[in-house]
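K.L.:
Below is the sequence, then the predicted model.
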Amino acid sequence: MAEKLLNWDEVLIGAAIKEPGNSRQYETGSWRVERPVWNPDTCIQCMFCWVYCPDSAILVDENGKMAGINYTFCKGCGICVEQCPTKPKSLKMILEAEAKGKSEEELRKEVFSEDK
Amino acid sequence: MGKKVALTGNEAAAHAIRQINPDVIAAFPITPSTPIPQAVAQFIADGEMDTELVTVESEHSAMSACIGAAAAGGRVMTATSANGYALMWEMLYIASGMRLPIVMAVVARALSAPLNIHGDHSDIMGGRDTGWIQIISENSQEAYDNLIQAVKIAENKDVMTPALVAQDGFNTSHTIEIWELEDDNKVKEFIGEYTPLFPLLDTDDPVTHGAWAPPNWYFEHKINQLKGLLNSKEVVEKVGKEFGEVFGRHYGLYEDYKLDDAEYVIVAAGSVCGTTKDVVDNLRENGVKAGLLKIRLFRPFPYRELAEALQSAKAIAVLDRVSPAGAQGGPLFNEIRSALYDTQTRAPVINYTYGLGGRDTQPRHINSVFETLKKIVETGKVEKQFDCLNLRGEWR
């Protein structure tokens, strides 16, 4: 984080923030216990996950389509998985520890191997 | 010159609010302050004010709505008492932390249990460290004058801190006294227009309020907030002086009553000061050098000025109208004694709890305090550092 730390007599009164969107500078993905894994093969692009995500951690491509999870900010709340309407679900939660050292592609294969 | 009226302390507060005509009031009724929002609702219904009155489901919601309205950029007021004030507690810190100059009339009342709706200072003293400016009124006139001044104090650019103006439940709030109601326009002119610092509704200049401050930011914001609160001391003096110039009633940080050469001094706040002044007058007529130091500004605590005002005293009694909770006496006693530590005097300081839950405090009780102070000076001995006034059974 390249933020400039201000002294007590330099901060804005009432902890107001005049710079919109500076929460992007604050990474909140590190305290996640579980993470959602996405299966593009069964995803129907309903965008429910994007609507319900309480952060803005659902990635959207230039065509307005669901493109994955932003793990820098995803806190692992699981709401996207709850909301996913496909059967079987196109989003599943796994323990963060199980994801360690694996690529997204590897995880997808592992988690969704039985779902076609 | 204002118009002399015979009205209660609650009506005094309601008239001040009518004349201030804030943008928003969010309030929930609770005895003994209920008549304030009730009268305000009537003023609005009669077209004498155009304030947006938000009726809410609790005092927590009342303060929350006030915070939202103030963050949006409005001039905001409310009123409460006792358990209602206690229910606001969480939001009081948020109002002061967000530096929103909300002004609140508090009609001070005892806290349950046992259930009691009568006057004491347990509510405001419980919230003394919520970061609000606290001004305590002796009577209806002061309740009216202080509310008007509080708007100007809280909204000062160097302060930007919420303020509460307290009056005593029933002793003041439900007692009809004669006081001066000033001209509407003169009051409006005195308080002036309010310019918020970072209004949420200013869409050309977007701002975030109430954001999270991690460990590397929080400390700096709280100390910045402290500076605003401390800045208010000078502004209280300045506004009190200006108020005196316009309306003829001058106010300072405290009131000294026959204090200059006083040897036996009572320190107190609120309506008991009226009774104490009568007792001081009687004692003075009999050649006893009695005096009163009346607390007006309690937060920020003007410790240097108060300690300086007590230097002639040979013995001091501090009266606390607060349920004691295991400290070395009441809150006012603690702060007065602490303030004196850095000065020359080593006059004994004793503490009384009085008036809990509306218990009457009469001239004879105040007289007994002065008697005790005289005895301490004569014998050089303090028998009891802490005692209770008008309590059945001797405290031991």
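P.N.:
Okay, I see it.
K.L.:
Extract the CA atoms of stretch B:290-310 and return them as PDB.
P.N.:
Taking Å, rounded to 0.1, in the frame of the first residue of the first chain, the C-alpha atoms of stretch B:290-310 are listed here in PDB:
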ATOM      1  CA  ALA B 290     -19.000  31.400  52.300                       C
ATOM      2  CA  GLY B 291     -18.900  31.100  48.500                       C
ATOM      3  CA  LEU B 292     -20.100  29.000  45.600                       C
ATOM      4  CA  LEU B 293     -18.200  27.800  42.500                       C
ATOM      5  CA  LYS B 294     -20.900  26.900  40.000                       C
ATOM      6  CA  ILE B 295     -19.800  24.500  37.200                       C
ATOM      7  CA  ARG B 296     -21.100  25.600  33.800                       C
ATOM      8  CA  LEU B 297     -18.800  23.900  31.300                       C
ATOM      9  CA  PHE B 298     -18.100  20.400  32.400                       C
ATOM     10  CA  ARG B 299     -16.700  19.000  29.200                       C
ATOM     11  CA  PRO B 300     -14.100  20.100  28.300                       C
ATOM     12  CA  PHE B 301     -13.300  20.400  32.000                       C
ATOM     13  CA  PRO B 302     -11.700  23.900  32.500                       C
ATOM     14  CA  TYR B 303      -9.400  22.600  35.300                       C
ATOM     15  CA  ARG B 304      -6.900  25.400  35.400                       C
ATOM     16  CA  GLU B 305      -9.500  28.100  35.700                       C
ATOM     17  CA  LEU B 306     -11.600  26.200  38.200                       C
ATOM     18  CA  ALA B 307      -8.500  25.500  40.400                       C
ATOM     19  CA  GLU B 308      -7.500  29.100  40.200                       C
ATOM     20  CA  ALA B 309     -10.900  30.200  41.400                       C
ATOM     21  CA  LEU B 310     -10.600  28.000  44.500                       C
END
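K.L.:
Distance from the chain centre to that stretch, please.
P.N.:
13 Å (Cα atoms, centre = their mean, to the nearest Å).
K.L.:
Over to stretch B:147-160?
P.N.:
Per Cα atoms, centre = their mean, the centroid offset for stretch B:147-160 relative to its chain is 14 Å.
K.L.:
pLDDT on that stretch, on average?
P.N.:
On average, the pLDDT along stretch B:147-160 is 98.
K.L.:
Does it reach chain A?
P.N.:
Yes. Judged by Cβ under 8 Å from any Cβ of the partner chain, stretch B:147-160 comes into contact with chain A through residue B:160. For every residue, glycine as well, the C-beta is placed using N, CA and C.
K.L.:
What are the phi and psi values at the residue of chain A found nearest chain B?
P.N.:
Closest residue of chain A to chain B, Cβ to the nearest Cβ: residue A:14 (3.4 Å). Residue A:14 adopts backbone torsions of phi 70, psi 20, taken as degrees, to the nearest 10.
K.L.:
And the helices in the chain?
P.N.:
If you meant another chain, say so; for now it's chain A. A:48-52, A:79-83, A:96-99, A:104-112 (DSSP state H).
K.L.:
Switch to chain B, please.
P.N.:
B:9-20, B:35-45, B:59-72, B:82-87, B:89-97, B:122-126, B:140-154, B:184-191, B:218-247, B:272-285, B:303-309, B:331-340, B:363-379.
K.L.:
Just put the ones you listed in CSV and tack on distance to residue B:349 and mean neighbour count.
P.N.:
Below are those laid out as CSV (distance: least, Cβ to Cβ, whole Å; neighbours: other Cβ atoms under 10 Å in any protein chain shown):
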stretch, distance to residue B:349, mean neighbour count
helix B:9-20, 30, 27
helix B:35-45, 36, 20
helix B:59-72, 35, 23
helix B:82-87, 28, 23
helix B:89-97, 30, 19
helix B:122-126, 18, 24
helix B:140-154, 26, 27
helix B:184-191, 38, 15
helix B:218-247, 23, 17
helix B:272-285, 16, 18
helix B:303-309, 11, 17
helix B:331-340, 5, 20
helix B:363-379, 10, 17
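K.L.:
Could you tell me which residues of chain A lie near chain B?
P.N.:
Residues of chain A lying near chain B (Cβ under 8 Å from any Cβ): A:5-18, A:20, A:23, A:26.
K.L.:
Weed out the non-buried ones from those.
P.N.:
Neighbour-count burial (16 or more other Cβ atoms under 10 Å in any protein chain shown) applied to these gives A:11, A:12, A:13, A:14, A:15, A:16, A:17.
K.L.:
contacting residues for the closest residue to the fourth one other than its chain neighbours?
P.N.:
Yep, that's residue A:14 we're talking about. Distances taken as Cβ to Cβ, 6 or more residues apart in numbering or on different chains place residue B:99 nearest to residue A:14, at 3.4 Å, with adjacent residues excluded. Going by Cβ atoms under 8 Å, 6 or more residues apart in numbering or on different chains, residue B:99 touches A:13, A:14, B:160, B:161, B:197, B:225, B:228.
K.L.:
Next, give phi and psi for the residue lying closest to residue B:160 once chain neighbours are set aside.
P.N.:
Closest residue to residue B:160 apart from its sequence neighbours, by Cβ to Cβ, 6+ apart: residue B:99 at 4.4 Å. In this entry, residue B:99 is assigned phi and psi values of phi 60, psi 50 (degrees, to the nearest 10).
K.L.:
how much space between residue B:99 and residue B:237?
P.N.:
21 Å (Cβ to Cβ, to the nearest Å).
K.L.:
and the stretch 51-200 of chain B, which residues reach chain A?
P.N.:
Residues of the stretch 51-200 of chain B lying near chain A (Cβ under 8 Å from any Cβ): B:97, B:98, B:99, B:100, B:160, B:197, B:198.
K.L.:
what residues does stretch B:9-19 touch?
P.N.:
Here stretch B:9-19 has contacts from B:7, B:25, B:32-33, B:35-36, B:39-40, B:43, B:48-49, B:51, B:77, B:79, B:105, B:107, B:137, B:139-141, B:143-144, B:147-148, B:165, B:167-168, B:172-175, B:177, B:179, B:181-182, B:184, B:187-188, using Cβ under 8 Å, 6+ apart.
K.L.:
how about a cut-off of 7 Å?
P.N.:
B:33, B:35-36, B:39-40, B:43, B:48-49, B:77, B:79, B:105, B:107, B:140, B:143-144, B:147-148, B:167, B:172-175, B:179, B:181, B:184, B:187-188 (Cβ atoms under 7 Å, 6 or more residues apart in numbering or on different chains).
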